[in-house]
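> Below are the sequence and a predicted model for it; my questions follow.
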Amino acid sequence: MWLLAQHPSMVGCNQLGLFPVLKSIDSWWSESWSFAGKTHVIDHSLEDDPYTKSDIKELLREDESSKFLRPLASHVFNKIADCKPTAEFVVIQTPENVKLVESILKVFPDAYILHIVRDPRSVFASMRAAAKDWGKQNFSKHAVDGAREWSEDVAAGLQSHKLTTRYREVRYESLITDGAAELEEIFEWFELDSNRLECEEFLKFGATESMRHRNVGPTGFVRRAKKDSWRNELTRSDIRVVEYIAGDLMRELGYECENDIKMLKPLQIRIHEFRENLINLCMKFMSRRILRKAIKSKKKLTNVVSDAVSDATNAVSETQHQSLSAPVK
């Protein structure tokens, strides 16, 4: 986004968060008909029976949601475009949108979908760095979570070509090794004029030190772009976990794995799965216990839930400490 937004005809916005909201509205509109309520009408001008009722689905057509969502989204995009008078395109960088492509196209059928794919080991290294600093609330430090998220997101993104002809896949690594040529092709795809010299200037402006100097994002947000930085940032255990979970898709995309395709399930994954199963077991037990406890103690249900969650968390931590205390390297 930072590179594309330097073009005179483009303006960028990161983490907009608009389409998840629109998706929620569309889901209510289009998918909740089995729970549709009744609209009650009392009209005393009717002589026989002043009382009538209609299903909500009779008042709202299922296919009408985009008709009303598009003006709202267009208003937001127009406001963003107003920040740059020469802008013809608004570039939105929101990784979560990769799972919302169908919803996006429902609102904007002519949207361009640019899918940036990166080595999952590098992605997890960045996620872990963020989890230790500015992104504690949004990212996990665990390789299992990072590998699962990458696999789900990339698999979802790769399906976009089935939904629109305006889909393009770009490798992050190619932007590092031959960025100017890659940028020039992307601008050509958007049918925008550009040249190699201009693209090289864009790359300089978007370089790590330049962005840090301009204080882009919170401290630690801008990391040095390297192709194989994960080799120095991840442990051998982390690499095995990522490749075990994401290996098939990595190989399909041309990424070479360090470990054998037939390797045994890593211990770190077994521990993670044990913890998940234990939490699920505790939650099932809690769901039965909470109501009984609330009735007996006459406490507010929210207080009982809070106590139960605290008890379950302590139980999980204690069990992990006792049963799985072996260090993972």
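Arrived safely, thanks for sending. Numbers count the residues shown, from 1 in each chain.
> Do a quick rundown of the helices in the chain.
Ranges of helices in the chain, per DSSP state H, are 18-31, 56-59, 65-81, 101-107, 120-131, 143-158, 172-177, 179-189, 196-205, 208-213, 230-233, 236-252, 267-297, 301-323.
> Kindly reformat these as a markdown table containing distance to A87, mean pLDDT and mean neighbour count.
Where you see a C-beta, it was placed from the backbone N, CA and C, and this is true even at glycine. Listed next are the helices of the chain as a markdown table, based on distance: least, CB to CB, whole Å; pLDDT from 0 to 100; neighbours: other CB atoms under 10 Å:
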| stretch | distance to A87 | mean pLDDT | mean neighbour count |
| --- | --- | --- | --- |
| helix 18-31 | 17 | 85 | 16 |
| helix 56-59 | 39 | 66 | 12 |
| helix 65-81 | 5 | 92 | 15 |
| helix 101-107 | 19 | 94 | 20 |
| helix 120-131 | 29 | 93 | 23 |
| helix 143-158 | 25 | 96 | 20 |
| helix 172-177 | 22 | 93 | 16 |
| helix 179-189 | 14 | 96 | 17 |
| helix 196-205 | 15 | 91 | 15 |
| helix 208-213 | 21 | 66 | 13 |
| helix 230-233 | 35 | 93 | 14 |
| helix 236-252 | 35 | 96 | 20 |
| helix 267-297 | 45 | 78 | 14 |
| helix 301-323 | 47 | 53 | 13 |
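> Of all those, which one is nearest T94?
Nearest of those to T94, taken as CB to CB: helix 18-31 at 7.3 Å.
> Pull the distance from the closest one to the chain's centre.
16 Å (CA atoms, centre = their mean, to the nearest Å).
> re earlier: pipe the helices of the chain into a markdown table and attach distance to Q137 per row.
As requested, the helices of the chain are exported to a markdown table (distance: least, CB to CB, whole Å):
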| stretch | distance to Q137 |
| --- | --- |
| helix 18-31 | 16 |
| helix 56-59 | 37 |
| helix 65-81 | 24 |
| helix 101-107 | 25 |
| helix 120-131 | 9 |
| helix 143-158 | 14 |
| helix 172-177 | 24 |
| helix 179-189 | 31 |
| helix 196-205 | 30 |
| helix 208-213 | 23 |
| helix 230-233 | 21 |
| helix 236-252 | 22 |
| helix 267-297 | 19 |
| helix 301-323 | 18 |
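> For R223, which of those helices is the nearest?
With CB to CB as the criterion, R223 lies closest to helix 120-131 of the helices of the chain, at 6.2 Å.
> for that closest one, packing partners?
Counting by 3 or more CB pairs under 8 Å, 6 or more residues apart in numbering; DSSP states H and E, the packing neighbours recorded for helix 120-131 are helix 143-158, helix 230-233, helix 236-252.
> Mind doing that once more with 10 Å?
Contacts defined by 3 or more CB pairs under 10 Å, 6 or more residues apart in numbering; DSSP states H and E place helix 120-131 against helix 143-158, helix 172-177, helix 230-233, helix 236-252.
> just so I know, which of the helices of the chain lies nearest W2?
Nearest of these to W2, taken as CB to CB: helix 208-213 at 6.9 Å.
> can you list the domain ranges for this structure.
Per the record, the chain has its domains at 4-29+61-252, 267-323, by automatic domain parsing.
> Now those domains in CSV, please, with extra columns for distance to E258.
Output for the domains of the chain, formatted as CSV (distance: least, CB to CB, whole Å):
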stretch, distance to E258
domain 4-29+61-252, 6
domain 267-323, 15
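> Tell me who's in contact with M10.
For M10, the contacting residues are 1, 3-4, 81, 84, 86-91, 187, 190, 192, by CB atoms under 10 Å, 6 or more residues apart in numbering.
> which ones among the residues you listed are found in strands?
F89, V90, V91 (DSSP state E).
> quick one on the thing from earlier: tell me which of the helices of the chain sits nearest to I261.
helix 236-252 (6.4 Å).
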